[in-house]
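1. any chance you could fold what I've pasted below:
(2 chains)
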Amino acid sequence: MEFIYQSGWGAFAVMLLLQIPFLVVFLWVINHKSGKGAGPSNTSAATVSRLKTGWLTLAIALFLVINLASIRFIPAIYSARAATSGVEPIDVKVEAQSWNYDMSAQEFVAGKPVRFNVVSLDTVHGFAVYHPDGRVLFTMMLVPGAGTSSLTYTFKDPGTYKIRCLEYCGMAHHEMNDEITVTAAAS
Amino acid sequence: MSLPASIVASVPVFGTMFKLEEKDEFEAINAWPAAMIMASFIWFTAAVLLGISMPLVQMLGLDTSLFYTAITAHGAAMAFPYVFQLMMGVGLHRSGGCLGKPVTGIIPALAFWFMNIGGILFTIAILMGLKISYAVMYPLPIVGVQTGQWSMTSVVIGFSGIALILLTVILLFPLQVIKMLFFDKERAELVLNRRTLGDPGMLGMAMSAFVLLIMGSPLLVVASAVLLFLYGLVPFAWIAWAADPMVFQFVFYIFAHNLMEAMAIMVVSAVYATLPLYLADGTRELYSKKMANLALWILLITSVTSFFHHFYTMFPALPSALSYHGNIMSWGTAVGAAITIFTISMTIWKHGLRADVGVMAVLMGFVLYILDGASAIVTSTVAWSYQLHGTMWQAGHTMAVLVAMSMMWMGVLLHHYPVLTGRVVDPTKGKWFVALYTIGAIGVSYSFLAAGAAGMPRRFASWNQEGWMTYGYLILFFGLMLALSMVIFFITIAGSRAIDTTRVTAPAE
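-> Numbering: from 1, shown residues only, chains lettered A, B, ... in the order given. Below is the predicted model:
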């Protein structure tokens, strides 16, 4: 579940799950009914009704299952869970400005929650944290004057994590990045 | 010959594709739409070249400012002067034929000039250095001036262009549709296939006009206030409310999101109107008009407040309740889409399909639209938005929805082409266009989505890291395939042959 809801490739897999059945069935219907000699069908009203009910039930079931399962992976939920866990998170203040970040701390310990409180001082910026393997762990949109964006995250793996701006912010947008270091917890 | 007919006739290459007949009995519903359609394809050609230039700039290691110039100009040309103008032209033509009302007078004329002059002004500003991307990030235009990235003159020229485009999209086009629907006098000789508001083929036109007018009006008010300040006509204190970050961002996305939804509702409506005309048994009826209308209403109701999905990652500035509301409403649009899929599939299944090039373009465009819809609801899920927001996934979604709608409108255009110009196209060449465009669009879409899943940022002039250039090569390959399909489309249109008596037997709207 964590792979599905906490990675871009998990999202990609779910998207394919939604797309492929549609693609196969719809293209088959078009191909089957537009070929030589293809004409009207004598499908009974009862069969059509059953198909309609089945199709809409499937759509609504997917709607419910995928969304209900996603709730525990919503950052607001896991931030709240971390806040009530009894372990005091490390507060980090981050100020984003074209084209750099000013962070109050950049070294953290794996397993200890970190609360990122991020603001932009000039234009819209992003604050995206990349896992050392290249995955986006989370991203935050920072609108100047719209308050602080906040998220609590517990790093699991030691390593160097890249920070990137994912909101277009001008001519040197691609150079707006930084790093944080996560070290292993003392055993 | 009317002014718009003369404009079309005087433009080389593109003009010959959409030139009206010498004595056109349908000139009142053909002339301005033909001018709009012709202009839209000129913009599209420019947009395609700019689109291809982006991966090339990356591969050749050219100046990053070229990339940002291309991305701003490409996005702006694709969304408004191309897709919206194509939709406006084809939509007004088919509305005229369904209602028997002319597309003449000051409103369509202003819509044509404002859209194209606005596009030109914005392009001039971009060439002067304004590189703000097509989605204006608050308050980047002014910050760019303060940090010496571009001049205030370019901001004023660019925003003047944007204002003209917004006037067309939010005011002129909806007013013309509403005028034709409820006020103009019917002319019996213009009625090609009468449709009422109870018909899903016309209901979507009305819904879209009202959505654009109502959801766009706040942006028009805010943009007008900002423009008055930029022109130096009022002091900043008078318009400070309009420059508030939440006001500016919210009115922008309430409009921008609903603009796309309105365009989708309108094109789905056009699909509902076109498909029955190509059924093998000649039924000329959808499987169920009730289900088709229900799907349009669900799309309308769910899409209006789903725009919150643009702000999930601002938590807690956007409260979780509004985020989850946006999440559920975004998925609600998929329920409307599921009903549409069933209605279209069952219509074809029950009655068979006459696979002419126009309807095949419409159906393949619909396939692209549904594939994109799946990517859209995934990224509109709060949990995934935190991994995907700001990546190439979203650039891919934006590109795919425009390419899909474009394909559907081109299909509807091919259907109406005999009435519009008095000529018919070669169906064999047309099928090559449909096949290449579909494969190219699916390929380029998956390349973007995979790049986003891998964490590649959008609007980002440094692809040569983390192995992202592989996606760049794929985007270029499939982008070239799309470009080739458009060349075939233009050759098909340019090679159309005149008809006389066949005109009345062509499947009328």
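
2. how far off centre is the helix or strand of chain A with the lowest mean pLDDT?
-> Least confident helix or strand, chain A: helix A:75-83 with a mean of 85, by mean pLDDT, DSSP states H and E. Chain-centre distance of helix A:75-83: 15 Å, with Cα atoms, centre = their mean, to the nearest Å.

3. next: stretch B:383-400.
-> Centre to centre, stretch against its chain (Cα atoms, centre = their mean), the figure for stretch B:383-400 is 19 Å.

4. quick one: average pLDDT of the helix or strand following the least confident helix or strand of chain A?
-> As assigned by DSSP states H and E, the chain's next helix or strand after helix A:75-83 is strand A:90-97. Mean per-residue pLDDT for strand A:90-97: 96.

5. just checking, what packs against the helix or strand following strand A:90-97?
-> Using DSSP H and E, the helix or strand that follows strand A:90-97 in sequence is strand A:100-103. Strand A:100-103 is packed against strand A:90-97, strand A:177-183, with contacts defined by 3 or more Cβ pairs under 8 Å, 6 or more residues apart in numbering or on different chains; DSSP states H and E. Just so you know, the C-beta spots here come from the backbone N, C-alpha and C atoms, and that holds for glycine as well.

6. go through the ones you listed and pick out the most buried.
-> strand A:90-97 (a mean of 18; mean count of other Cβ atoms under 10 Å in any protein chain shown).

7. pull it out as CSV, backbone CA atoms only.
-> Provided in CSV are the C-alpha atoms of strand A:90-97 (Å, rounded to 0.1, in the frame of the first residue of the first chain):
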residue,chain,number,x,y,z
ILE,A,90,11.9,18.9,15.2
ASP,A,91,10.7,22.2,13.9
VAL,A,92,12.4,23.5,10.8
LYS,A,93,11.8,26.9,9.4
VAL,A,94,12.3,27.3,5.7
GLU,A,95,12.2,30.6,3.8
ALA,A,96,12.1,30.3,0.0
GLN,A,97,13.2,33.2,-2.2
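
8. show me what contacts the closest residue to chain A within chain B?
-> Distances between chain B and chain A by Cβ to the nearest Cβ are smallest at B:G390, namely 2.7 Å. By Cβ atoms under 8 Å, 6 or more residues apart in numbering or on different chains, the contact set of B:G390 is A:126, A:128, A:139, A:141, A:166-167, B:313, B:457-458.

9. from A:V114, how far out is the closest residue in space to it that isn't next to it in sequence?
-> Nearest residue to B:G390, sequence neighbours excluded (Cβ to Cβ, 6 or more residues apart in numbering or on different chains): A:L166, at 2.7 Å. To A:V114, A:L166 is 19 Å away according to Cβ to Cβ, to the nearest Å.

10. more neighbours, those two?
-> Taking A:L166 and A:V114 together and counting by other Cβ atoms under 10 Å in any protein chain shown, A:L166 has the greater number of neighbours (27 against 20).

11. for that one, what are phi and psi?
-> phi -110, psi 10 (degrees, to the nearest 10).

12. hmm, it is touching A:Y130, no?
-> No - taking contacts as Cβ atoms under 8 Å, A:L166 lies outside contact range of A:Y130: 10.1 Å.

13. stretch B:317-336 and chain A in contact?
-> Yes - counting by Cβ under 8 Å from any Cβ of the partner chain, chain A has neighbours in stretch B:317-336: B:317, B:320, B:323-324, B:327-328, B:331, B:334-335.

14. want to throw the residues you listed into a markdown table with secondary structure?
-> Output for these, formatted as a markdown table (DSSP: H, G, I helix; E, B strand; the rest coil):
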| residue | secondary structure |
| --- | --- |
| B:A317 | coil |
| B:S320 | helix |
| B:S323 | helix |
| B:Y324 | helix |
| B:N327 | helix |
| B:I328 | helix |
| B:W331 | helix |
| B:A334 | helix |
| B:V335 | helix |
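
15. tell me the one of those nearest A:E2?
-> B:N327 (19.2 Å; Cβ to Cβ).

16. what is the burial count for the closest one?
-> Around B:N327 there are 25 residues (other Cβ under 10 Å).
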